[in-house]
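In: let's see this in three dimensions:
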Amino acid sequence: MDQALLERFQQAYKDLDLFPLVEPETIEQFRVDYGLPVMVRLKREIEASVKNGKFIFAGHRGCGKSTLLKRLAIDMQPNHSVVFFSIADLIEMSGITHVNILYAIAIKLLSQASKQRIPVAEDIKQSLLGWNTTERTQISSQATTGELGLGLDNILNMFTAKLQQEKSFRDELEKTFEKRISDLVGKCDRLAAAIQTATKKPVLVIIDDLDKLDLPLVEEIYRNNIKSLFSPQFQVVFTIPVSAVQEPQVMGALNSEGVVRPHLFPVAKFFAKADCHNPEAEPVAKTFDVFLKVLAKRLPDELVDAQTARKMVLKSGGVMRELVRIARECCTECMVQLEIEPDSSNVNIDDEILTAALRNLRHDFARQIGSDLYDLLVEVYKTAETPDASSDGFVKLLHGLMVLEYENDALWYDVHPIVVDLLKQKKLIE
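Out: Modelled structure (predicted):
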């Protein structure tokens, strides 16, 4: 086996896994400017907004929101005390509620204050860290002896781990604070005020990965508990899935709290609506080249045929994470081929490898699509419009990236290119 070649595919696979870009060194190594107008628009609105403004950032999963939000956090730091975190790093996604979102904000604010050695009132620490029956005795003892400040980072790390891993911990948290939301919000406000007083900069909290919630949870949080979630008296950026924007009741709840419209990160558009199914049409060069650059940053040119790289970009449908997913699958296929055929020394990502990778991804989509949704997919493919009926099914397709939303003067929709192949395989379209 060509061990050197295997290691190069392994490294490419690892580099492709670095998405979204959130660490400074990976941003420096792999960043390609993308979506800048969207970020600037959000940045300017935050700067012009009232001190307790709330902002909603929406987009298809994998379109590049996380990377853009991290860049926003960096750009806002000179004039704001920015607290950026992924909710997925703190709480099991299926267990997220408005209560533990607010608690996560409080813990992150407390952590920021601790790192910057900003004094925090003992009653805030006791309220946020002394409620858990398992840890109460230890924390109370440390607070009494004045040691809480010395061990605060360790205690915060312990609580963060429990919040992520232990359902019983989250259940007790829920029971403790669901009737004391105003008290929890008050602690958040006092922490933000302490940070602002010490730094002379307003607090901005950016919460990533709320867009990865299942739709029933999105509705429970953003429709039924929006007032509590928007209560903190400092600026917060929330994320939601683009499919939630299709839900009138969710949008109605957001509108009632002053969100005129979410900031939408659109899917990159390779073709005009009229040309989206024209096999002779050339993709929009500016947008297409950005995706090729992203791929080239992670996948060396000598590992992939140039024409195959172009086909990989087209099959992404304009969703950045889909390009990454396709490329990783191709790397896997190459590593498998090197193992099965150890005498091969010229393995690279060509059309044959891409075909095998797309087959695997096509099967992944097929497992998600119920038999009742194929008619909807065909209708979207033929009309590029929102179906008149079965809106729940359409939202599911949008949420699962099987249908993608594009922007012109009017919105239009298309079926994910890999799902288009599935429809052709089933002879549902020409």
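In: now for Tyr413: which residues touch it?
Out: If you count contacts by Cβ atoms under 8 Å, 6 or more residues apart in numbering, Tyr413 has them with 380, 384-386, 398, 403-406. Backbone N, C-alpha and C define where each C-beta goes, glycine included.
In: nearest to Ser127 among the residues you listed?
Out: Nearest to Ser127 out of the contacts of Tyr413 is Leu398 (Cβ to Cβ; 40.5 Å).
In: pull the longest helix from this protein.
Out: Longest helix of the chain, by residue count under DSSP state H: helix 320-340.
In: which helices and strands does that helix pack with?
Out: helix 3-17, helix 285-298, helix 306-315, helix 351-368 (3 or more Cβ pairs under 8 Å, 6 or more residues apart in numbering; DSSP states H and E).
In: would you mind saying which of those helices lies nearest Ala198?
Out: Shortest distance between Ala198 and the helices and strands packed on helix 320-340, using Cβ to Cβ, is found for helix 3-17: 37.5 Å.
In: and the closest one with helix 285-298, angle?
Out: 130 degrees (axes from the mean of the first three to the mean of the last three Cα atoms, to 10 degrees).
In: all numbers from here: first residue = 119
Out: Fine by me, first position is 119 from now on; the one you just mentioned is helix 121-135.
In: ok and helix 121-135 relative to helix 438-458, angle-wise?
Out: Here the directions of helix 121-135 and helix 438-458 differ by 160 degrees (the same axes, to 10 degrees).
In: helix 121-135: how far from the chain's middle?
Out: The chain centroid and the centroid of helix 121-135 are separated by 25 Å, computed with Cα atoms, centre = their mean, to the nearest Å.
In: returning to what we had before: closest to Leu546 among the contacts of Tyr531?
Out: Leu546 has its nearest neighbour among the contacts of Tyr531 in Val498, at 11.8 Å by Cβ to Cβ.
In: now the closest one, what are its backbone angles?
Out: Note on Val498: backbone dihedrals following degrees, to the nearest 10 are phi -60, psi -40.
In: so for the spatially closest residue to Met453 that is not a sequence neighbour, what's the pLDDT?
Out: Nearest residue to Met453, sequence neighbours excluded (Cβ to Cβ, 6 or more residues apart in numbering): Phe127, at 5.1 Å. pLDDT, the model's per-residue confidence, is 93 for Phe127.
In: ok, now the one 5 residues further on?
Out: Lys132 is assigned a pLDDT of 90 by the prediction.
In: related to what we said a few turns ago, ok, so what distance separates the residue nearest to Met453 from Asp133?
Out: Distance, Phe127 to Asp133, using Cβ to Cβ, to the nearest Å: 11 Å.
In: and these two? Which one has more around it.
Out: Legend: neighbour count by other Cβ atoms under 10 Å for Phe127 and Asp133, higher for Phe127 (25 against 20).
In: ok, back up a step: next, the angle helix 469-486 makes with the longest helix of the chain.
Out: 120 degrees.
In: can I get helix 438-458 as PDB, trimmed to CA atoms?
Out: In PDB, the C-alpha atoms belonging to helix 438-458 read as follows (Å, rounded to 0.1, in the frame of the first residue of the first chain):
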ATOM      1  CA  MET A 438     -21.100  24.600   1.900                       C
ATOM      2  CA  ARG A 439     -21.400  21.700   4.300                       C
ATOM      3  CA  GLU A 440     -22.800  19.500   1.500                       C
ATOM      4  CA  LEU A 441     -19.600  20.100  -0.500                       C
ATOM      5  CA  VAL A 442     -17.600  19.100   2.600                       C
ATOM      6  CA  ARG A 443     -19.700  16.000   3.000                       C
ATOM      7  CA  ILE A 444     -19.300  15.000  -0.600                       C
ATOM      8  CA  ALA A 445     -15.500  15.500  -0.400                       C
ATOM      9  CA  ARG A 446     -15.100  13.600   2.800                       C
ATOM     10  CA  GLU A 447     -17.100  10.700   1.300                       C
ATOM     11  CA  CYS A 448     -14.800  10.700  -1.700                       C
ATOM     12  CA  CYS A 449     -11.700  10.600   0.600                       C
ATOM     13  CA  THR A 450     -13.200   7.600   2.400                       C
ATOM     14  CA  GLU A 451     -13.700   5.800  -0.900                       C
ATOM     15  CA  CYS A 452     -10.100   6.500  -1.900                       C
ATOM     16  CA  MET A 453      -8.800   5.200   1.400                       C
ATOM     17  CA  VAL A 454     -11.000   2.000   1.100                       C
ATOM     18  CA  GLN A 455      -9.600   1.500  -2.500                       C
ATOM     19  CA  LEU A 456      -6.000   1.800  -1.200                       C
ATOM     20  CA  GLU A 457      -6.800  -0.800   1.400                       C
ATOM     21  CA  ILE A 458      -8.500  -3.200  -1.000                       C
END
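In: quick revisit: need the helices and strands packed on helix 438-458 in JSON lines (columns: distance to Cys181).
Out: JSON lines is the format used below for the helices and strands packed on helix 438-458 (distance: least, Cβ to Cβ, whole Å):
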{"stretch": "helix 121-135", "distance to Cys181": "16"}
{"stretch": "helix 403-416", "distance to Cys181": "12"}
{"stretch": "helix 424-433", "distance to Cys181": "14"}
{"stretch": "helix 469-486", "distance to Cys181": "17"}
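In: and Ser462, which of those is closest to it?
Out: Closest approach to Ser462 among those (Cβ to Cβ): helix 121-135, 8.7 Å.
In: the closest one - contacts with which helices or strands?
Out: Partner elements for helix 121-135 (3+ Cβ pairs under 8 Å, 6+ apart): helix 403-416, helix 438-458.
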